[in-house]
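Student: any chance you could fold what I've pasted below:
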Amino acid sequence: MVDSIKGRINGHNCGELREENSGTEVVLCGWVNKSRDLGGIHFIDIRDKYGVTQLNFEDFKGDLSILKDCSLESVIRAKGLVRVRPDSAQNRKMETGMVELLVSEIEVMSQSDKDNIPFLPYGQVGASDDLKLKYRYLDLRTKKLQDMLKLRSQTTFKVRNVLMNEDFVEVETPMLYKSTPEGARDYIVPSRVHPSQVYALPQSPQTLKQLLMIGGTDKYFQICKCFRDEDLRSDRQPEFTQIDMEISFATPEYIKNLIEKLLAEIFGLKDGLSIPVMGFDEAMDIYGCDKPDARFELKHMKAAELFKSSEFKVFSGPANSGGLVKAIFLPESMGTMARKDIDALVEVVRPYGGKGVAWFKTQDGKRTGGVSKFITDEIYSGLDSMSPEKGNGLWMFFADMNHEVAHASADAVRRFLGNKFELHCKENVFLWINDFPLFEWSEEAGRFAARHHPFTQPKACDLEKFLNGAPGDKNGSLSECKADAYDVVCNGYELGGGSIRIYDNKIQSHMFKCLNMTDEEIDSQFGFFINALKFGVPPHGGLAFGLDRIMMILMKTEFIKDVIAFPKTNSATDMMAGSPSRPAAAQLEELHFNWNQKEKK
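Tutor: Model (predicted):
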């Protein structure tokens, strides 16, 4: 479309000219996508993010030697008349393929180094991922990434529009803040004016948005950067974008209704969205995780009771000692696996602590292969009665004394099979996950840790257990407490998590005690917050979305780097800029660091 504001060098973009523009004089600017010399008749395809237009030089009165400077990916400016192509030259595969520009003026505005360009964004030979990241600015010229940037912009506009219409106020919170323990490691920033002291980049604006509630803001939101120094994977980056919300006097019902309205707008669901609710325990039982991919079946079955008297010690051991035995049945109607493929499942479970996958097959009433000799008629009858699918297929088992290992291994295999046999339905499937444990026990630290974060309100029915629980008792009443928390999940990703917050300073102080923090640690790390809770705090709650994960689903990609303009690698490096990097010696000295002395030691 023609710009409504005049003054750009180009009057049109390279994707908009059509037959009705014939006879119009226009100016186009863009990159050289292709250049052709057909026996003295010269053509250039000029490209921008909107499309491609063919330039024809048959009536060009200038010096054609300028075309030698029009190397691929050079930026040029072309002026001329639009005309309809001859019938034999029309290209209906191009949106602009019915017309061309008869060039009267051409200018090379920036010449590309044709001999050293690492790859062509629209070349036939694809570049490696590392090369694309190193030269991200070239990769950004592709339609895929330009479409991503546009969709990301449209998505944040929708978010702002919905929340503004609900009377939310957008508030920016500091990037340089106090280091507080919230789960992951902080990224820290040394202070020049305060020797040996640091700021932290926020993992989230958690305490800040709660302080805004104390300050009377009522309805807050922010589309903000968050930073966490943690091990990376396909859906994690060291810096990510969060859609952050907090509301005073909110109930979980209000927050869920708001989120469903917001998601319906983001995903273009004209009939709205009503998300079903599943409890944490049920999610762990049938999916093995708290962010299940509910687009396909293959639900887990708990089989420990069936194997308590089994001769197979791998199953009976955990079954009789408080461990977990889970089963998955893959019916032939969903897919079949050869022996070598089944054996390869050990590599699927190994990253989660699994030692292997026990199995057997059923075929026309017969049980064969794997652990079939340990499957008695009684055990098989029990398994068959639990399974919603019947008949021929493959039974797989996951047993471990550590429940988390059994859950995670079964979940990993289920997801693997879903991808291998393309079992997912086409629609996005959302779930609310409720009733999370308030705490999780850390064997390494020998203490409780907050399942979400230490500002989560215990459920009202568990408040007495919470207040009377012993912080060091792994199996005591604290282990039974549930959180007034809720996550929204889609296609196996946690899109957002939230909770009703603690607004009583006594409950908040007790929470820190349950996390084994000393009075000195509480005062040093959270004293400002505990103090704020003394001066009249409205009940409040909120939720934060991961914008990048929403974009992954909208863009149908499994990799977060595909939806960020300038991402980092899995080792948290920026291959384009070469960061992280060592500062200059003078800067280190100014920040009171003596790294050279450390290296000598």
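
Student: per-residue pLDDT, L72?
Tutor: Among the per-residue scores, L72 holds a pLDDT of 97.

Student: relative to D69, how far out is the nearest residue to it once chain neighbours are set aside?
Tutor: In this structure, L72 finds its nearest non-sequential neighbour in V32, 5.4 Å apart by C-beta to C-beta, 6 or more residues apart in numbering. Every residue, glycine included, has its C-beta placed from N, CA and C. Separation of V32 from D69 (C-beta to C-beta, to the nearest Å) stands at 10 Å.

Student: and the contacts of the strand or helix carrying I500?
Tutor: Here I500 sits within strand 493-500, counting by DSSP states H and E. Contact with strand 493-500 is made by 235, 243, 245, 250-252, 255, 259, 263, 290-291, 452, 455-457, 483-489, 539-546, 549-550, 552-553, as judged by C-beta atoms under 8 Å, 6 or more residues apart in numbering.

Student: not counting the helix or strand just after it itself, show me its contacts.
Tutor: Moving toward the C-terminus from strand 493-500, the next helix or strand (DSSP H and E) is helix 505-514. Contacts to helix 505-514, defined as C-beta under 8 Å, 6+ apart, come from residues 439, 448, 450, 454-455, 457-458, 463, 466-467, 469, 471, 478, 502, 521-522, 526, 529-530, 533-534, 537.

Student: mind listing what's buried in helix 505-514?
Tutor: For helix 505-514, the neighbour count (16 or more other C-beta atoms under 10 Å) marks 505, 508-512, 514 as buried.

Student: contacts for the first helix or strand past it going along the chain, please.
Tutor: Counting by DSSP H and E, the next helix or strand C-terminal to helix 505-514 is helix 519-532. Helix 519-532 is contacted from outside by 178-181, 207, 210-211, 214, 505, 508-509, 512-513, 517, using C-beta under 8 Å, 6+ apart.

Student: longest strand in this protein, please.
Tutor: In the chain, with assignment by DSSP state E, the single longest strand is strand 25-38.

Student: could the contacts of helix 519-532 go into CSV alongside distance to F360?
Tutor: Converted to CSV, the contacts of helix 519-532 look like this (distance: C-beta to C-beta, whole Å):
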residue, distance to F360
K178, 56
S179, 53
T180, 51
P181, 47
T207, 53
Q210, 53
L211, 58
I214, 60
N505, 58
Q508, 52
S509, 54
F512, 50
K513, 50
M517, 50
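
Student: hang on, the earlier thing: the residue nearest to L72 against I46, yeah?
Tutor: Yes: here V32 reaches I46: they are 6.7 Å apart, a contact under C-beta atoms under 8 Å.

Student: common neighbours of the two, please.
Tutor: Residues touching both V32 and I46 by C-beta under 8 Å, 6+ apart: I76.

Student: next one: the host helix or strand of Q222 to chain centre, how far?
Tutor: Assigned by DSSP H and E, Q222 belongs to strand 219-227. From the chain centre to the centre of strand 219-227 is a distance of 16 Å (C-alpha atoms, centre = their mean, to the nearest Å).

Student: give me the sheet partners of the helix or strand just after it and which way each runs.
Tutor: Downstream of strand 219-227, the next assigned helix or strand under DSSP H and E is strand 239-248. Here strand 239-248 is paired, per DSSP bridges, with strand 219-227 (antiparallel), strand 540-546 (antiparallel).

Student: now do the contacts for K361.
Tutor: Neighbouring residues of K361 by C-beta under 8 Å, 6+ apart: 367-370, 372, 392-395.

Student: wait, which of the contacts of helix 519-532 is closest to L163?
Tutor: Set against L163, the nearest of those by C-beta to C-beta is Q210 (18.1 Å).

Student: please identify the helix or strand for that closest one.
Tutor: Per DSSP H and E: helix 206-214 holds Q210.

Student: CA atoms of that helix as CSV?
Tutor: The C-alpha trace of helix 206-214 is given here as CSV (Å, rounded to 0.1, in the frame of the first residue of the first chain):
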residue,chain,number,x,y,z
GLN,A,206,7.1,-10.2,40.8
THR,A,207,7.7,-8.0,43.9
LEU,A,208,7.4,-4.8,41.8
LYS,A,209,3.9,-5.6,40.5
GLN,A,210,2.8,-6.5,44.0
LEU,A,211,4.1,-3.2,45.2
LEU,A,212,2.1,-1.5,42.5
MET,A,213,-1.0,-3.2,44.0
ILE,A,214,0.0,-1.9,47.4
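
Student: give me the contact list for stretch 69-79.
Tutor: For stretch 69-79, contacts defined as C-beta under 8 Å, 6+ apart pick out 9-10, 25-35, 44, 46, 55, 101, 103-112, 114, 117, 120-121, 138.

Student: of the residues you listed, buried ones?
Tutor: 10, 26-33, 35, 44, 46, 55, 101, 103, 106, 108, 112, 120-121, 138.

Student: now the strand holding I500: mean pLDDT?
Tutor: Strand 493-500 shows a mean pLDDT of 97.

Student: could you do stretch 323-334 as well?
Tutor: 97.

Student: got the buried residues for it?
Tutor: For stretch 323-334, the buried set under the neighbour-count rule, 16+ other C-beta under 10 Å, comprises 323-331, 334.

Student: check stretch 433-451 too.
Tutor: Neighbour counts over stretch 433-451 (16+ other C-beta under 10 Å) mark 433-439, 447-451 as buried.

Student: parallel or antiparallel, list what pairs with the longest strand of the chain.
Tutor: With DSSP bridges as the test, strand 25-38 is paired with strand 41-48 (antiparallel), strand 75-84 (antiparallel).

Student: A319: which of those is closest?
Tutor: Of all those, strand 41-48 sits nearest to A319, with 63.8 Å by C-beta to C-beta.
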